[in-house]
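Engineer: Predicted model, plus sequence, below.
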Amino acid sequence: MSGFQSIGVIGAGAWGTALAQSCAQAGRDVTLWAFEPEVVEAINANHVNTAFLPDVTLHPGLCATSDPADLAACDAFLLVAPAQHARATLARFAAVIREGAPVLLCAKGFERGTLALMTEVLAETVPHAVPAVLSGPSFAIDVARGLPTAVTLACADEALGQALMAAVGSPTFRPYYSNDLIGAEAGGAVKNVLAIAAGVVEGKGLGKSAHAALIARGFAEMTRLGEALGGRRETLAGLCGLGDLVLTCSSPQSRNMSCGLALGRGESLEAILGARTAVTEGVATAPALAELARRHGVEMPICEAMDAVLAGRISLDAAIDALLARPFRSEDA
């Protein structure tokens, strides 16, 4: 499998910019597509994404554009648009992405309405592309600054996966190969909802014991759904599942955990989201996740409670009381 020197990054939020920065520092030719013209201008003129990653000076060779045609010569693509915008964004690039080109899916979530994984969205919008998934415990600012980070890169074809790992990897950004795309996607999507719940625990002052219990029982929910969708338990126990869950549930730096933290302290969801420019993926994913659990007959009480709270069907205190009133049961059930 030949290498990939020219990389197109679709989406210039914090995570997309960080991945573009990492690839550029690894010696790749990177073109970063941004929806916002002001982001393109700031990156090309001043080498900084003032809107989404203002504290990092970007590689001088990193080029930004708002024209999808400027990515037509790229060997491989990273889709980093938010999950709920993935379909519309991919549709814009369907004619740009050449036959057989790999698209590394970096967004985490299920699509509302269709309940589709991002690989399914890609198959419907750009069927001539080859899917791969990048997921794992990785804050954008850490990756952009070159701090050590390890992630899962999932691809059905191992040779292609190894070529993609060589293209995006570096001594400080370390991909580990898996052929389980479903497991990699499921872990990244579920952890965002659980991170909101973890933030609630902190915001309500329920204690570190409750926080640890939330992570452990949340991981059980993640594993049940991931297996029901066709993923593997061992994948979910790795970087893209447990690893990502621990990171996102343990730091207010996470947009999802910080959302839950504010909810737990009594702020309204409307006020929290209204003060943000970046997307809080777990809020949009929660209803899709709850519906998927129902369809597959999978018990996910924490995720279902968060969906009910975020939708305004139940108060936070009532949701907590309901969870604590659940019958005692076997841990492996």
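Structural biologist: Thanks, I have the structure now. Numbering: from 1, shown residues only.

Engineer: Please count neighbours and contacts with C-alpha atoms only from this point.
Structural biologist: OK.

Engineer: Could you list the domains of this protein?
Structural biologist: Structurally, the chain divides into domains by automatic domain parsing as follows: 6-179, 188-324.

Engineer: same question for the shortest one, mean pLDDT?
Structural biologist: Mean per-residue pLDDT for domain 188-324: 96.

Engineer: and the residue lying closest to residue 103 once chain neighbours are set aside, how many neighbours does it have?
Structural biologist: Counting by CA to CA, 6 or more residues apart in numbering, residue 103 lies nearest to residue 77, which is 4.7 Å off, once chain neighbours are set aside. Applying other CA atoms under 10 Å, we find 25 residues neighbouring residue 77.

Engineer: How confident was the prediction at residue 77?
Structural biologist: Taken from the predicted model, the pLDDT recorded for residue 77 is 98.

Engineer: same thing with the one 3 residues further on?
Structural biologist: Confidence at residue 80, expressed as pLDDT, is 98.

Engineer: all helices in the stretch 1-150 of the chain, in order from the N-terminus.
Structural biologist: In the stretch 1-150 of the chain, the segments counted as helices under DSSP state H, counting those that start in this stretch are 14-25, 37-46, 86-93, 118-125, 140-144.

Engineer: Output those helices in TSV; the columns should cover distance to residue 61, mean pLDDT and mean neighbour count.
Structural biologist: TSV is the format used below for the helices of the stretch 1-150 of the chain (distance: least, CA to CA, whole Å; pLDDT from 0 to 100; neighbours: other CA atoms under 10 Å):
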stretch	distance to residue 61	mean pLDDT	mean neighbour count
helix 14-25	7	97	25
helix 37-46	9	98	17
helix 86-93	23	98	18
helix 118-125	29	98	19
helix 140-144	15	97	20
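
Engineer: Mind checking those for the one nearest to residue 285?
Structural biologist: Proximity to residue 285, assessed across these by CA to CA, is greatest for helix 118-125 (12.1 Å).

Engineer: Give me the distance from that closest one to the chain's centre.
Structural biologist: On the basis of CA atoms, centre = their mean, to the nearest Å, helix 118-125 is displaced by 16 Å from the centre of the chain it belongs to.

Engineer: From residue 38, how far off is the closest residue in space to residue 101 that isn't next to it in sequence?
Structural biologist: Among residues not flanking residue 101 along the chain, residue 129 sits closest, at 5.2 Å (CA to CA, 6+ apart). The span separating residue 129 from residue 38 equals 30 Å under the rule CA to CA, to the nearest Å.

Engineer: now do residue 207
Structural biologist: Applying CA to CA, the value for residue 207 to residue 38 is 43 Å.

Engineer: what's the answer for residue 219, then?
Structural biologist: Remark: distance between residue 219 and residue 38 (CA to CA) = 40 Å.

Engineer: ok so, going back, with distance to residue 67 as extra columns, can I get the helices of the stretch 1-150 of the chain in CSV?
Structural biologist: Compiled in CSV, the helices of the stretch 1-150 of the chain are given as follows (distance: least, CA to CA, whole Å):
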stretch, distance to residue 67
helix 14-25, 16
helix 37-46, 10
helix 86-93, 10
helix 118-125, 19
helix 140-144, 24
